[in-house]
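Engineer: Provide a 3D model corresponding to the input given below.
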Amino acid sequence: MRIYLVGGAVRDKLLSRPVTDHDHVVVGAQPDDLLALGYRPVGKDFPVFLHPRTGEEYALARTERKQGRGYHGFAFQADPSVTLEQDLARRDLTINAMAQGEDGKLVDPFDGARDLERRLLRHVSPAFVEDPVRLLRVARFAARFAPLGFTVAPETMALMQQMVSNGEVDHLVPERVWQETRRALAEALPSAFLRVLRESGALAVLFPEVDALYGVPQRAEFHPEIDTGVHVEMVLDMAARIAPGNDVVGFCALTHDLGKALTPADVLPRHIGHEHAGVAPLQRLVARLKVPTEHAALAEQVCREHLNVHRAFELKPATVLRLLSSLDALRRPERLATFLAACEADKRGRLGHEEDSYPQAAYLQQARDAAAAVDAAPFLAQGLTGPAIGEALAAARVQAIASVRASAA
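Structural biologist: Residues are numbered from 1 along each chain as shown. Below you'll find the predicted structure:
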């Protein structure tokens, strides 16, 4: 029995990046061998075990054979005869198909280390086309490694385009699409995720609501980048800069302007009412991908209200209170912070405006704090009951917000 460190841990070591997950492959063993050593089985489709002390994953070396459509259409073989090279050959990218023995020696049959130096995301073998999840993974790795100069190898992009044209991508299950998307939105440059999907043709299949934004013009005085799709890319990257690793902010950024794809041609480049028009396509996207409730709820709020937030200083205090109440911000201030980060990303995700200040966020935070500080006790002491208490509280909160607005003027 031989044990090797594999995959991302080896890749990130060679890139001098922090290693968070340590995955291992075990060659020359069968399940009973690991069970006898106290490993705990967790794999449903193939033998994966957890180390009894570290909890790290150890998988038996395996091969896979395509026998159906989609992500689940594989038959696996895991037995002592499977070699390390055979196991590595089934992996997606060369930079993920390296292993390190317990002696520290690198095993790199597909030149992954060379591709790290060349900054290339390149497939291991033609079998890449058999698993549509790999297309999403390449796009996600582009979002992670684009800041380091990584690009998708032309021959790999050609295979990805083939996967779209032959319908393999159509068989992706919503849960996997969302899982990979969510992770991509938390990466350093999520715009690269969109660009790779779009070049492959997969964006139109998986995110038609987003794909439709490309080529839609905006008014140049407000959006020097003009193209709405480019704007969304810029907002995504600004969201990653403002709220690193926050995929809720990222999803809000991705979907905030979907209504602009529905603007009639004779109205362009203006987008009157796009914030309301965007709710319906957002809801369709959310339902199709089974997006979590909190992501969906905040994305809809950002879609509806981002223009109001941009002009926050022009809103009446009562309108500000209604906005805060719609977010449940008085009880859950963290929701307001997430919401405001997405709105700020929209405002600064424009060509030449990346370093703009966004005082609206501080004002609305202060307005929230002032409104939340209003106590019902004085009204109870006055003998108010029922709806009268609510009305008095609302009036006092409006006045508190007005005081904040006056001081900010």
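Engineer: in this protein, which ranges drop under the pLDDT threshold?
Structural biologist: 44-46, 65-76, 409 (pLDDT under 70).
Engineer: ranges for the strands of it?
Structural biologist: 2-6, 23-27, 40-41, 48-50, 57-60, 63-66, 74-77, 99-101, 106-107, 120-121, 151-152 (DSSP state E).
Engineer: closest to Phe141 out of those strands?
Structural biologist: Closest to Phe141 of these, according to Cβ to Cβ: strand 120-121, at 5.7 Å. C-beta here means a position set from N, CA and C on the backbone, and glycine is covered the same way.
Engineer: Which secondary structure elements does that closest one sit against?
Structural biologist: helix 133-145, strand 151-152 (3 or more Cβ pairs under 8 Å, 6 or more residues apart in numbering; DSSP states H and E).
Engineer: What pairs with it, parallel or antiparallel?
Structural biologist: Each strand paired with strand 120-121, and its direction, by DSSP bridges: strand 151-152 (parallel).
Engineer: Name the residues that touch the strand it pairs with?
Structural biologist: Arg119, Leu120, Leu121, Val138, Ala142, Met160, Val196, Glu199 (Cβ atoms under 8 Å, 6 or more residues apart in numbering).
Engineer: Quick check: nearest residue in space to the spatially most central residue of the chain, chain neighbours excluded?
Structural biologist: With distances taken as Cα atoms, centre = their mean, the residue of the chain nearest its centroid is Leu185 (2.2 Å). Leaving aside its chain neighbours, Leu185 sits nearest to Gly250 (3.1 Å; criterion: Cβ to Cβ, 6 or more residues apart in numbering).
Engineer: next one: Ile242
Structural biologist: Using Cβ to Cβ, 6+ apart, the closest residue to Ile242 is Ala341 (5.1 Å).
Engineer: ok, that neighbour touching Asp247?
Structural biologist: No: using Cβ atoms under 8 Å, Ala341 is not in contact with Asp247; the gap is 12.0 Å.
Engineer: Setting aside sequence neighbours, what's the nearest residue to Asn96?
Structural biologist: Gly7 (5.2 Å).
Engineer: do you know how far the one you found is from Lys13?
Structural biologist: 11 Å (Cβ to Cβ, to the nearest Å).
Engineer: Same question for Leu37.
Structural biologist: 25 Å.
Engineer: Check which residues of the biggest helix by length in the chain are buried.
Structural biologist: Looking across the chain with DSSP state H, the single longest helix is helix 387-408. Neighbour-count burial for helix 387-408 flags Ala392, Leu393, Ala394, Ala396, Arg397, Val398, Ala400, Ile401, Ala402, Val404, Arg405 (criterion: 16 or more other Cβ atoms under 10 Å).
Engineer: follow-up on the earlier one: for the residue nearest to the centre of the chain, which residues are in contact?
Structural biologist: Leu185 makes contact with Phe193, Leu236, Asp247, Gly250, Phe251, Ala253, Leu254 under the criterion Cβ under 8 Å, 6+ apart.
Engineer: Tell me which residues touch Leu254, please.
Structural biologist: Per Cβ under 8 Å, 6+ apart, neighbours of Leu254: Leu185, Pro190, Val210, Val232, Leu236, Ala299.
Engineer: swap the cut-off to 10 Å and go again
Structural biologist: 181, 184-185, 190, 193-194, 207, 209-210, 232-233, 235-236, 239, 247, 282, 285, 299, 342 (Cβ atoms under 10 Å, 6 or more residues apart in numbering).
Engineer: repeat for Leu197
Structural biologist: 135-136, 138-140, 142, 160, 164, 169, 181, 184, 203-207, 210-211.
Engineer: What's the PyMOL syntax to select whichever of those residues are buried?
Structural biologist: Typed into PyMOL, the line below selects the buried ones among the contacts of Leu197, using 16+ other Cβ under 10 Å:
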select buried, resi 135+136+138+139+140+142+160+164+169+181+184+203+205+206+207+210+211
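Engineer: How about Arg11, nearest residue that isn't a chain neighbour?
Structural biologist: Ile95 (5.0 Å).
Engineer: Surely that neighbour is in contact with Arg137?
Structural biologist: No: with contact defined as Cβ atoms under 10 Å, Ile95 does not reach Arg137; the gap is 11.5 Å.
Engineer: Between those two, which contacts overlap?
Structural biologist: Common neighbours of Ile95 and Arg137 (Cβ under 10 Å, 6+ apart) are Leu121.
Engineer: Of these two, which one has the most company?
Structural biologist: Ile95 (31 against 19; other Cβ atoms under 10 Å).
Engineer: and that one, how far is that from Leu262?
Structural biologist: For Ile95 relative to Leu262 (Cβ to Cβ), the value is 40 Å.
Engineer: for Pro126, same thing?
Structural biologist: 41 Å.
Engineer: Please say which of those two ends up with more neighbours.
Structural biologist: Shown here are Pro126 and Leu262; by other Cβ under 10 Å, Leu262 has more neighbours (16 against 10).
Engineer: which residues touch the more buried one?
Structural biologist: Glu209, Ala212, Val216, His271, Gly273, His274, Ala277, Gly278, Ala280, Pro281.
Engineer: Number of residues surrounding the nearest residue to the fifth one once chain neighbours are set aside?
Structural biologist: In this structure, Gly273 finds its nearest non-sequential neighbour in Gly259, 7.4 Å apart by Cβ to Cβ, 6+ apart. Other residues near Gly259 number 23, with proximity taken as other Cβ under 10 Å.
Engineer: any idea how far Gly259 is from Glu275?
Structural biologist: Where Glu275 is concerned, Gly259 sits at a distance of 6 Å (Cβ to Cβ).
Engineer: contacting residues around the closest residue to Arg183 other than its chain neighbours?
Structural biologist: Nearest in space to Arg183, with sequence neighbours left out and distances taken as Cβ to Cβ, 6+ apart, is Arg140 at 5.6 Å. Contact analysis of Arg140 by Cβ under 10 Å, 6+ apart lists 179-187, 190, 192-193, 196-197.
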